[in-house]
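J.: Everything below, folded, please.
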Amino acid sequence: MSDIGWIPYCGAAPAPAQLLSRWNGDPFLILLLLAAAAWAWRSHVPRGWALAGLLCAFLLFISPFCALTSALFSARTVHHMLLMLVLAPILSLWPGKGRGSLLLGTLVQTLVLWFWHAPAAYAAALSHDGIYWLMQATILASAVLFWARLRQASAIPATGALLFSMMQMGLLGALLTFAPSALYAPHWLSTQPWGLSPLEDQQLAGLVMWVPAAGVYLAAALLRMSRLIAPDPAPRAMA
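T.: Reported below is the predicted structural model:
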């Protein structure tokens, strides 16, 4: 929203007819992703997962979806959820990130998420490239640490951490959904070309957090619990 001072990293909010032409050609970012691809190719992470992570990063930061996040808070929310629930679990597969307190990792992830969704912090991130990348880096790093420590934890604390993450995500989503007014000034003038009022856009973002995003944590918690209570395979009868 360059007319009132917000020029996000991904550029001014596009109109629907402009979206498909709004690829991000930042040469530094492209080189960084190419370097990451070369590193992933030589790493011990399965190449299928590495490719999925690179495709996710490409979608979030290079494709026209990056520009869409300048227009819609709901798109920005999907962006953050993909960082936390897709890219971060993939990056957590790299060795050497699992040590430390799961409780601390869970709390840090929660605090980072809530901080950047405070209206003032969010507006700052959309007004300065450095703050934008600080937001992206801290959201991603805190989620990577959470998933890495989760993978090393036993079933009961892991399930507790996942259920807590589900509840705090759902709470934030509910607060956004039922807020009586639009909270995010950078999107007050950018949603109308997409057929949404700023409040409707915010409500859609809240529903994304409340249902599918929180549901990912619930599904992961149920999976960990199922492994805990599943009966051991029956021993084979001796011949």
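J.: the helices in the protein, which residues?
T.: Counting by DSSP state H, the chain has helices at residues 27-42, 47-61, 65-71, 73-82, 88-91, 102-116, 119-125, 129-152, 155-178, 198-208, 214-229.
J.: Dump those helices into JSON lines; add distance to Leu20, mean pLDDT and mean neighbour count as well.
T.: C-beta here means a position set from N, CA and C on the backbone, and glycine is covered the same way. JSON lines is the format used below for the helices of the chain (distance: least, CB to CB, whole Å; pLDDT from 0 to 100; neighbours: other CB atoms under 10 Å):
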{"stretch": "helix 27-42", "distance to Leu20": "19", "mean pLDDT": "88", "mean neighbour count": "12"}
{"stretch": "helix 47-61", "distance to Leu20": "14", "mean pLDDT": "92", "mean neighbour count": "17"}
{"stretch": "helix 65-71", "distance to Leu20": "10", "mean pLDDT": "97", "mean neighbour count": "23"}
{"stretch": "helix 73-82", "distance to Leu20": "15", "mean pLDDT": "98", "mean neighbour count": "23"}
{"stretch": "helix 88-91", "distance to Leu20": "27", "mean pLDDT": "94", "mean neighbour count": "23"}
{"stretch": "helix 102-116", "distance to Leu20": "28", "mean pLDDT": "97", "mean neighbour count": "18"}
{"stretch": "helix 119-125", "distance to Leu20": "25", "mean pLDDT": "96", "mean neighbour count": "16"}
{"stretch": "helix 129-152", "distance to Leu20": "23", "mean pLDDT": "96", "mean neighbour count": "19"}
{"stretch": "helix 155-178", "distance to Leu20": "28", "mean pLDDT": "97", "mean neighbour count": "19"}
{"stretch": "helix 198-208", "distance to Leu20": "20", "mean pLDDT": "98", "mean neighbour count": "21"}
{"stretch": "helix 214-229", "distance to Leu20": "29", "mean pLDDT": "91", "mean neighbour count": "15"}
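J.: show me the contacts for Ala123.
T.: Taking CB atoms under 8 Å, 6 or more residues apart in numbering, we find Ala123 in contact with 6, 184-186.
J.: switch to 7 Å and redo it
T.: Residues in contact with Ala123 (CB atoms under 7 Å, 6 or more residues apart in numbering) are 185-186.
J.: and the gap between Arg42 and Ala35?
T.: 11 Å (CB to CB, to the nearest Å).
J.: Looking at the helices of the chain, spot the one closest to Ala15.
T.: helix 65-71 (8.3 Å; CB to CB).
J.: Identify all contacting residues around that closest one.
T.: Contact with helix 65-71 is made by 8, 10-14, 19, 22, 24, 59-60, 75-76, 79, 190-191, 194, as judged by CB under 7 Å, 6+ apart.
J.: Narrow those to those that are buried.
T.: With burial judged by 16 or more other CB atoms under 10 Å, the buried subset of the contacts of helix 65-71 is 8, 10, 12-14, 22, 24, 59-60, 75-76, 79, 190-191, 194.
J.: per-residue confidence for Pro235?
T.: Looking at Pro235, its pLDDT is 50.
J.: CA-only coordinates of stretch 32-44 in PDB, if you can.
T.: The C-alpha trace of stretch 32-44 is given here as PDB (Å, rounded to 0.1, in the frame of the first residue of the first chain):
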ATOM      1  CA  LEU A  32      20.100 -18.300  -1.900                       C
ATOM      2  CA  LEU A  33      17.600 -20.800  -3.000                       C
ATOM      3  CA  LEU A  34      19.900 -22.200  -5.600                       C
ATOM      4  CA  ALA A  35      22.600 -22.600  -2.900                       C
ATOM      5  CA  ALA A  36      20.100 -24.300  -0.600                       C
ATOM      6  CA  ALA A  37      19.200 -26.700  -3.400                       C
ATOM      7  CA  ALA A  38      22.800 -27.600  -3.900                       C
ATOM      8  CA  TRP A  39      23.300 -28.100  -0.200                       C
ATOM      9  CA  ALA A  40      20.100 -30.200   0.000                       C
ATOM     10  CA  TRP A  41      21.300 -32.400  -2.900                       C
ATOM     11  CA  ARG A  42      24.500 -33.200  -0.900                       C
ATOM     12  CA  SER A  43      22.800 -33.600   2.500                       C
ATOM     13  CA  HIS A  44      21.500 -36.700   4.200                       C
END
